[in-house]
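Engineer: 3D, please:
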Amino acid sequence: MASTVPSALEYAVAMSAHGGGKAILAAFLANMGIALAKFIGWLLSGSASMLAEAVHSLADSVNQILLFSGGARARRHADVEHPFGYGRSRYVYAFIVGIILFSVGGVFSIYEGVEKLTHPHGLDETWWWLPIVILVIAIVLEGLSLRTAVGEARAVKQKGQSWWEFVRRSRSPELPILLLEDTGALTGLVFALAGVTGTVITGDPVFDALGTLAIGVLLVVIALIVGVEMASLLVGEGATRQELDAIIRAVEDGPEVQKLIHIKTLYVGPEEMLVAAKIGLPQDKPVQSAAYDIDVVEERIRAAVPNARLIYLEPDVYRDPKKAQPPTDAFVFPSSD
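Structural biologist: As a prediction, this is how the structure comes out:
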């Protein structure tokens with residue numbers, strides 16, 4: 001039987017058509033080339049900052065593979081064991097990116113920095129210039145990668161929303177992670193360039209070691225941000241304030257519903273939201289008419305918020321608590337008199 005799980009390549013093509021794939025592919029290609037150049041620079045010059053940056057770029061390359069893999073797994077069809085599908089697989093793989101790879105890269109860089117401080121050694125006198133050249137080229141390439149990620153994110157970022165709010169509020173993990181990753185990569189390259197340049201100018205290897213420590217701390221901070229955000233998505237986040245307001249308006253902007261009694265939302269995947277609500281309908285409405293009205297309300301919700309793909313509306317009779325009266329045929333206990 002043919003597999004229903006798309007390959008990473010198929011997922012890359014799909015993502016390129018819907019946003020995000022181009023940024024991931026650009027980041028992967030850039031990081032692979034940069035990682036190779038940095039490892040060569042470290043081997044020839046002995047710079048600890050170059051080694052830290054090489055590990056950083058290698059970790060970033062693995063990040064893109066994981067994001068592709070998580071996306072491919074998330075596209076599997078729903079089954080009995082997972083009736084709401086596998087959309088949250090993207091959160092799981094993104095969580096791995098943050099906690100394991102960034103943390104491993106950060107801890108390794110901090111270790112290298114401490115090792116260089118306790119056992120200092122200068123740069124190779126012949127190849128001292130190579131790390132500077134590689135870092136400058138890497139800054140240009142990472143800048144291009146970041147520009148691609150920013151362009152992809154602008155297409156989905158809400159008007160007036162800050163970049164930090166986009167990272168915090170986005171329900172899709174790939175672009176926020178790429179923005180953090182590329183921004184961190186550029187910042188780390190600046191740290192490395194400052195450290196190597198300081199060592200070249202003064203001959204003191206402490207500057208190279210401090211650059212390595214700064215890279216490690218930066219990676220750990222990014223790991224914490226990604227980990228916290230992905231953990232929140234794994235636990236389960238509902239609609240954004242704007243989406244919730246739009247859903248409520250879609251329910252109430254029509255003659256079908258007397259009152260929205262209560263509503264709950266949950267993202268079961270980055271582009272798939274579950275909406276469950278209890279709506280008040282007229283008490284004397286026939287079942288067939290109630291079913292038709294529910295279909296109309298569902299269409300309005302989907303038109304207002306396309307991500308609302310799983311909608312369950314429970315009809316009920318709205319009772320105003322201020323006007324609630326016991327039924328006329330309610331049993332009344334006789335007086336003790």
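
Engineer: now Phe102: how far from Ile222?
Structural biologist: In this view, Phe102 and Ile222 are 5 Å apart by Cβ to Cβ, to the nearest Å. (Each C-beta comes from the backbone N, C-alpha and C, glycine too.)

Engineer: more neighbours, the two?
Structural biologist: Ranked by neighbour count (other Cβ atoms under 10 Å), Phe102 and Ile222 place Phe102 first, with 29 against 23.

Engineer: for Leu123, list the residues it contacts.
Structural biologist: By Cβ atoms under 8 Å, 6 or more residues apart in numbering, Leu123 lies in contact with 45-47, 131, 196, 199-200, 205, 208.

Engineer: ok so it is a strand residue?
Structural biologist: No: the assignment for Leu123 by DSSP: H, G, I helix; E, B strand; the rest coil gives coil, which leaves it out of any strand.

Engineer: state the pLDDT value of it.
Structural biologist: pLDDT, Leu123: 77.

Engineer: tell me who's in contact with the residue nearest to it when sequence neighbours are not counted.
Structural biologist: Nearest residue to Leu123, sequence neighbours excluded (Cβ to Cβ, 6 or more residues apart in numbering): Ser45, at 5.2 Å. By Cβ under 8 Å, 6+ apart, the contact set of Ser45 is 123-124, 127-128, 130-131.

Engineer: tell me the phi and psi of Ser45?
Structural biologist: phi -100, psi -30 (degrees, to the nearest 10).

Engineer: host element of Lys116?
Structural biologist: Using DSSP states H and E, Lys116 falls within helix 103-118.

Engineer: what segments of the chain are helices?
Structural biologist: Ranges of helices in the chain, per DSSP state H, are 8-18, 21-45, 48-74, 89-96, 103-118, 130-154, 163-169, 174-202, 206-235, 241-252, 287-304.

Engineer: show me the protein divided up by domain.
Structural biologist: 8-235, 241-316 (automatic domain parsing).

Engineer: what number of residues lie near Leu146?
Structural biologist: 21.

Engineer: from Glu181, how far off is it?
Structural biologist: Distance, Leu146 to Glu181, by Cβ to Cβ: 9 Å.

Engineer: for Ala74, same thing?
Structural biologist: Using Cβ to Cβ, we find Ala74 at a distance of 20 Å from Glu181.

Engineer: and those two? which has more neighbours close in?
Structural biologist: Each of Ala74 and Glu181 has its neighbours counted (other Cβ under 10 Å); Glu181 has more, 29 against 22.

Engineer: low-scoring stretches of the stretch 201-337 of the chain, by residue?
Structural biologist: Along the stretch 201-337 of the chain, segments meeting pLDDT under 70 span 320-337.

Engineer: nearest residue to the middle of the chain?
Structural biologist: Taking Cα atoms, centre = their mean, the centroid of the chain lies closest to Pro173, which sits 1.8 Å from it.

Engineer: ok so, going back, highest average neighbour count across the domains of the chain?
Structural biologist: Among the domains of the chain, domain 8-235 has the highest mean neighbour count (mean count of other Cβ atoms under 10 Å), at a mean of 20.

Engineer: before we move on, back to that, okay, the contacts of Leu123 in CSV with distance to Glu298 next?
Structural biologist: Formatted as CSV, those follow (distance: Cβ to Cβ, whole Å):
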residue, distance to Glu298
Ser45, 63
Gly46, 65
Ser47, 61
Pro131, 60
Val196, 60
Thr199, 65
Val200, 66
Pro205, 66
Asp208, 62
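
Engineer: can I get stretch 277-291 as PDB, trimmed to CA atoms?
Structural biologist: Taking C-alpha atoms only, stretch 277-291 is exported to PDB below (Å, rounded to 0.1, in the frame of the first residue of the first chain):
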ATOM      1  CA  ALA A 277     -19.800  26.900  21.100                       C
ATOM      2  CA  LYS A 278     -23.200  26.700  22.600                       C
ATOM      3  CA  ILE A 279     -25.700  29.000  20.800                       C
ATOM      4  CA  GLY A 280     -29.100  30.100  21.900                       C
ATOM      5  CA  LEU A 281     -31.900  29.500  19.400                       C
ATOM      6  CA  PRO A 282     -35.600  30.300  19.600                       C
ATOM      7  CA  GLN A 283     -37.500  27.800  21.800                       C
ATOM      8  CA  ASP A 284     -40.100  27.000  19.200                       C
ATOM      9  CA  LYS A 285     -37.700  26.500  16.200                       C
ATOM     10  CA  PRO A 286     -38.100  23.200  14.400                       C
ATOM     11  CA  VAL A 287     -35.200  20.800  14.300                       C
ATOM     12  CA  GLN A 288     -34.800  21.100  10.500                       C
ATOM     13  CA  SER A 289     -34.700  24.900  10.700                       C
ATOM     14  CA  ALA A 290     -32.200  24.800  13.600                       C
ATOM     15  CA  ALA A 291     -29.900  22.500  11.600                       C
END
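
Engineer: the longest strand seen in the chain to helix 48-74, inter-axis angle?
Structural biologist: The longest strand of the chain (DSSP state E) is strand 259-269. Per axes from the mean of the first three to the mean of the last three Cα atoms, to 10 degrees, the angle that strand 259-269 makes with helix 48-74 is 120 degrees.

Engineer: how far is strand 259-269 from where the chain is centred?
Structural biologist: 22 Å (Cα atoms, centre = their mean, to the nearest Å).

Engineer: that strand pairs with which strands, parallel or anti?
Structural biologist: strand 272-280 (antiparallel) (DSSP bridges).
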